[in-house]
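fold the stuff below for me.
(2 chains)
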Amino acid sequence: MKTQNSKSKINKSIPLSYVLCLTSFILILFPFKNANAFCGFYVAKADATLFNKTSQVILVRDGDKTTITMSSDFDGNVKDFAMVIPVPVILKRDNIRTIPSQIFQTLDNYSSPRLTEYYDENPCESRVLYEYDAVSKMSLESVAASGMEKDEEKYKVKIEAQYTVDEYDILILSASESSGLERWLTDNGYKIPAGAREVLQPYINSNMKFFVVKVNMEELEKKQTKFLSPLQINFNSPKFMLPIRLGMANAKGAQDMIVYAFTKSGRVEATNYRTVKVPTDTKIPEFVSGCFGKFYVDTYRKHREEAGENNVYLEYAWNISGSVTQFCDPCNGPPPMLQDLVTAGVGWVNQYHYGYSGDVFFTRLHITYDRKNFPQDLIFEETPNRENFQARYVITHPAYGEFTCDAGRKYVKEVMSRRNDELNNLAILTGWDITQYSDYNKKFAQFIPAHEPRMRSTKTNAPDNLDNDNKQDEIISNDNNIKQESFGVPYLNDNSNPPSGNSDLKILSISVMVLLMLMAMVAQLGKRKVVAHKNN
Amino acid sequence: METISLKTNRSSFEEVMSSPIKWLNSDPRHYQISFLGIFLFYGIEDLNWEMNWLNIAATLAASLLTQFLFTWFTNKNYQSLKSAIISALSLTLLLKTNLILVIMLAAFLSIASKFIFTFKIVEGKKHFFNPTNFGIILTILITGNAWISPGQWGSNALLVFGIGILGLAVLIKVKRLDVALAFFITFCLLNFTRSVLILGWQTDFFLHQFTSGTLLLFTFFMITDPVSTPSHSKARIVWAVLVAMLAFYLSAYEFVNGAPLWALFFISPTTILFDKIFLHPKFYWGPTNLPTKEAPNAQATQISKTFFTLKNQSI
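This is a model prediction of the structure:
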């Protein structure tokens, strides 16, 4: 592993504040053809088939220090992969490392939306059971890289530093004009999508450095793996943000991103977009356990349509300080351990007996972004809000048996009404057509357990590609697919949603209010004129 | 006679509208209270803010009690309780906390600042910190358990329209449109120059920032507080431009969340200086748009007006 440092300095004619004022953002690109990507964009080599479903990012904020770990689905050949990450300062070798990709799985399992099951007791008989069902699995791989050469001068691009970090070859460039950088990248075998230019220039104007990554195939072979490790960088900057603008450069639809954030004090929320909770703690019908992934996809999508497409959604927030005893309720997966925290870049925790000591707050945000709704990069704020939150949905299995006692008969009535409510909740959350589930109540009434109706036929919100039978069966049969389905771009990238009825109502009510006010003011003005006239 | 015929000619709509309008017009603060109430309702009902009614009640109670006690020991003008309601509503709209005691502390600090941070003017005393602003900033600094959520309003055109229109209605009443415009235009121009002209972002990048509910609420309902802003209109404009410049600096170069709030906090004390240089009668709450009625403090205003006329003549 060779490490080279070029001793170059920031051009002094450019104000230092500009360097400081912009934090890192990430631009992923490939030689030739394209696909979607994390904060940046992929440009694939001719034959590569690329598909970026959901990107995941770990953000750790400690004072002014930000640690960003990136992972992204990448189905292409690793040698086709390259990544460009603009950063506010020239990163040193110590600021860059790779980490095991398992961390994303751990965090995802721990924090994804969950389904809880409760079992009623028969009032004429016995007692309660409590269980939970985990809901997760995100197929994420990583990134791959491709060829690149050192060049400069005529492009007005300067190589500030050069490192090899595990399987990655990394260059840090500074550029003084976007056309130069573009030519440099193009001449070195990369193709930048047209849309990228409009964002490259502002970043260059802000005197950002460009962190260019490609895969060193020799190093990768030494590791005897085909998969790339997540790349982690850290730097000091007062701005706590995540660049998403470049990621939209060539993306046709919306892209999904899950952000796992660790802070000392409390929840992370966006300051330039609204941070909204996803619906939670709702009772839903028993049969949803068979298609929970689809349920959550539709719930998220409907909620996003109603609450606004330019919001950031909170899916999980939990105080996971060393002193805390309850890390989840119920747990989807094991909470992150000391080792996971250290891997993620949480530098302020220490080993303490079997656990760790130190305050840590974990936040999971879900962002579905596109060019139209997200004109600015995401800027975050570390709040002192330590209130826990989780996206949790509850199914309650009724008791079966003889209900001959008075309490039993009352119970049957209650369950019938509860099951009606559950169906209504399902319709409200997902927009599914519940008329086909009219036998849901009957099944209980006749004490016919278990065999629940198959997948719905969607009425309103069904994305086209899910109406395909194979896909549905896959979802129903495989719970492990839930997360993947939940956040897969194809199901969430509806760009052309008409404004919801809700917002029409808002417009109407405010317009009426304003109209009334204006009329009142005019009336008042008229009255005064009359009074003034009278006085004259 | 004429009055009677006027009454009989009134349409039924006017009849219905007349009493709430009369109430609203009797004091611009009534407009403010109503509009802030509407925003709060919108936030809770439509934007699903995490806010419980107990917090709101506690804020109102703490504000009113503090105002009552201070008023009891000072001028005994209980009309000022309306200002306490405005402060309490603004606090619940802008400051976030999970602890009821923290929001009550903020309410106390807001109201107390009006009586503690004052300076002498011709008519008596004037406070120079915007009460809500002072309460928010100090609570954040002292407790570390409160925060501002600049993103909580989201940014949509409807909201801009709503806050803008309602804000204008209030500003026309209290005659502080100059402050709002001076601040807003300066802040816009500085940001436009930097984001669009210098850095090269597209215009929607810039527009996104200016359709933020928090910024508009600040522009139309906070910085325009007629009592704590400089009394002279020229001074007010210079003062508002200063706030805008500082807010721009803090947000663009120091990355401060809710920069306008911090800027206002730091610029507020200069009100003393501006009022010393640019002499002008103090603002008094009252039915400013009803010429037939006299403002409660009309006498004081009259005295100071005479004073300033004499003074200017002598100069």
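
residue A:331 reaches residue A:111, doesn't it?
No: checked against CB atoms under 8 Å, the pair residue A:331 and residue A:111 is beyond contact range at 10.1 Å. All C-beta atoms are positioned from the backbone trio N, CA, C, and that covers glycine.

and the two? which has more neighbours close in?
residue A:111 (25 against 15; other CB atoms under 10 Å in any protein chain shown).

show me the contacts for the more buried one.
Residue A:111 sits next to A:260, A:315-316, A:318, A:332, A:362, A:364, A:390 when contact means CB atoms under 8 Å, 6 or more residues apart in numbering or on different chains.

the same query, at a cut-off of 6 Å, please.
By CB atoms under 6 Å, 6 or more residues apart in numbering or on different chains, residue A:111 lies in contact with A:316, A:364.

give me the pLDDT value at it.
You'll see residue A:111 listed with a pLDDT of 89.

got it, and the one 3 residues further on?
At residue A:114, the model reports a pLDDT of 86.

beta partners of it?
Beta-bridge pairing for residue A:114 (DSSP bridges): residue A:392.

quick one: it and residue A:392 touch, right?
Yes: Residue A:114 sits in contact with residue A:392 when judged by CB atoms under 6 Å, with a separation of 5.3 Å.

these two: who's more crowded?
For residue A:114 versus residue A:392, the count of surrounding residues by other CB under 10 Å is larger for residue A:114: 26 against 19.

give me the phi and psi for residue A:167.
With angles defined as degrees, to the nearest 10, residue A:167 sits at phi -90, psi 10.

burial count for it?
26.

wait, does stretch B:244-263 contact chain A?
Yes: counting by CB under 6 Å from any CB of the partner chain, chain A is contacted by stretch B:244-263 at B:253, B:255, B:257.

off-centre distance for that stretch?
When distances are taken as CA atoms, centre = their mean, to the nearest Å, stretch B:244-263 is centred 18 Å away from the chain's centroid.

list the buried residues in that stretch.
Within stretch B:244-263, the residues that qualify as buried are B:244-248, B:250-253, B:255-263, counting by 16 or more other CB atoms under 10 Å in any protein chain shown.

and if you look at stretch A:270-289?
Counting neighbours by 16+ other CB under 10 Å, one finds that the buried residues in stretch A:270-289 are A:270-280, A:282-289.

restrict those residues to contacts with chain B.
Within the set of those, contact with chain B (CB under 6 Å from any CB) is found for A:270-274.

chain B: which of those residues is nearest?
Distance from chain B was checked for each of those by CB to the nearest CB. The minimum falls on residue A:274, at 3.7 Å.

please name the residues that touch the closest one.
For residue A:274, the residues meeting the contact criterion (CB under 6 Å, 6+ apart) are A:311, B:151, B:154.

so how far is chain A from the last one?
For residue B:154, the distance to chain A (CB to the nearest CB, to the nearest Å) stands at 4 Å.

which non-adjacent residue is nearest residue A:270?
residue A:312 (4.4 Å; CB to CB, 6 or more residues apart in numbering or on different chains).

wouldn't that neighbour be in contact with residue A:272 here?
No: with the criterion set as CB under 6 Å, residue A:312 and residue A:272 do not qualify as a contacting pair; they are 9.5 Å apart.

could I get the buried residue list for the helix or strand hosting residue B:275?
Assessed by DSSP states H and E, residue B:275 sits inside helix B:270-277. Of the residues in helix B:270-277, those scored as buried under the neighbour-count criterion (16+ other CB under 10 Å) are B:270-272, B:274-275.

CSV for these, including pLDDT and distance to chain A?
What follows is the buried residues of helix B:270-277, written out as CSV (pLDDT from 0 to 100; distance: CB to the nearest CB, whole Å):
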residue, pLDDT, distance to chain A
B:270, 91, 25
B:271, 90, 28
B:272, 89, 31
B:274, 88, 29
B:275, 87, 31
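
in CSV, list the C-alpha atoms belonging to the helix holding residue B:275.
Extracted as CSV, the C-alpha positions of helix B:270-277 are listed here (Å, rounded to 0.1, in the frame of the first residue of the first chain):
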residue,chain,number,x,y,z
THR,B,270,-28.4,49.1,18.7
THR,B,271,-32.0,50.3,18.9
ILE,B,272,-30.9,52.4,21.8
LEU,B,273,-28.3,54.1,19.6
PHE,B,274,-30.7,54.6,16.7
ASP,B,275,-33.3,56.1,19.0
LYS,B,276,-30.8,58.5,20.5
ILE,B,277,-29.7,59.7,17.0
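
for stretch A:419-435, which positions count as buried?
For stretch A:419-435, by 16+ other CB under 10 Å, it's A:419, A:422-423, A:425-426, A:429-432, A:434.

of those, which pair is most distant in space?
Using CB to CB, the pair of these lying farthest apart is A:419 and A:431, separated by 19.3 Å.

how close does residue A:106 get to chain B?
Noted for residue A:106: a distance of 28 Å to chain B, by CB to the nearest CB.

just residue A:265 next, same as before
Plainly put, residue A:265 is 8 Å away from chain B if you go by CB to the nearest CB.

ok, how many other residues are close to that residue?
Burial measure for residue A:265: 17 neighbouring residues, criterion other CB under 10 Å.

can you say which helix or strand has residue 105 in it?
Reading this off chain A. Assigning secondary structure by DSSP H and E places residue A:105 in helix A:102-111.

let's do chain B instead
Under DSSP H and E, the secondary-structure element containing residue B:105 is helix B:100-116.

can you list the buried residues in whichever helix or strand comes after that helix?
The first helix or strand that comes after helix B:100-116 along the chain, using DSSP H and E, is strand B:118-121. Neighbour-count burial for strand B:118-121 flags residue B:121 (criterion: 16+ other CB under 10 Å).

each with direction, which strands does strand B:118-121 pair with?
Sheet pairing for strand B:118-121, using DSSP bridges, gives strand B:124-127 (antiparallel).

tell me the mean pLDDT for the strand it pairs with?
The average of the pLDDT scores along strand B:124-127 is 82.

that one: how far from the chain's middle?
Average the C-alpha atoms of strand B:124-127, do the same for its chain, and the two points are 17 Å apart (CA atoms, centre = their mean).

what's downstream of it, the next helix or strand?
Using DSSP H and E, the helix or strand that directly follows strand B:124-127 along the chain is helix B:131-143.

counting by contacts, list what that next one packs against.
The helices and strands touching helix B:131-143, judged by 3 or more CB pairs under 6 Å, 6 or more residues apart in numbering or on different chains; DSSP states H and E, are helix B:81-94, helix B:100-116, helix B:259-267.

can you name the element that comes right after it?
Counting by DSSP H and E, the next helix or strand C-terminal to helix B:131-143 is strand B:146-148.

what's that next one packed up against?
Under the contact criterion of 3+ CB pairs under 6 Å, 6+ apart, strand B:146-148 touches strand B:95-97.

who touches residue B:273 in this structure?
With contacts defined as CB under 6 Å, 6+ apart, residue B:273 is in contact with no residue.

what's the pLDDT at it?
Turning to residue B:273, the model gives it a pLDDT of 89.

find the residue closest to residue A:212 in space, skipping its chain neighbours.
Using CB to CB, 6+ apart and skipping residues adjacent in sequence, the residue nearest residue A:212 is residue A:171, 4.4 Å away.

next structured bit after the helix or strand that the one you found is a member of?
Counting by DSSP H and E, the element that carries residue A:171 is strand A:168-175. Sequence order places helix A:178-187 as the next helix or strand after strand A:168-175, per DSSP H and E.

quick one: average pLDDT of that next one?
The model assigns helix A:178-187 a mean pLDDT of 80.

what comes up buried for it?
With burial defined by 16+ other CB under 10 Å, the residues of helix A:178-187 counted as buried are A:178, A:180-185.

quick check on the residue most central in space within chain B: phi, psi?
Using CA atoms, centre = their mean, the residue of chain B that lies closest to the mean C-alpha position is residue B:222, 2.9 Å off. Its backbone dihedrals place residue B:222 at phi -110, psi -60, with angles given as degrees, to the nearest 10.
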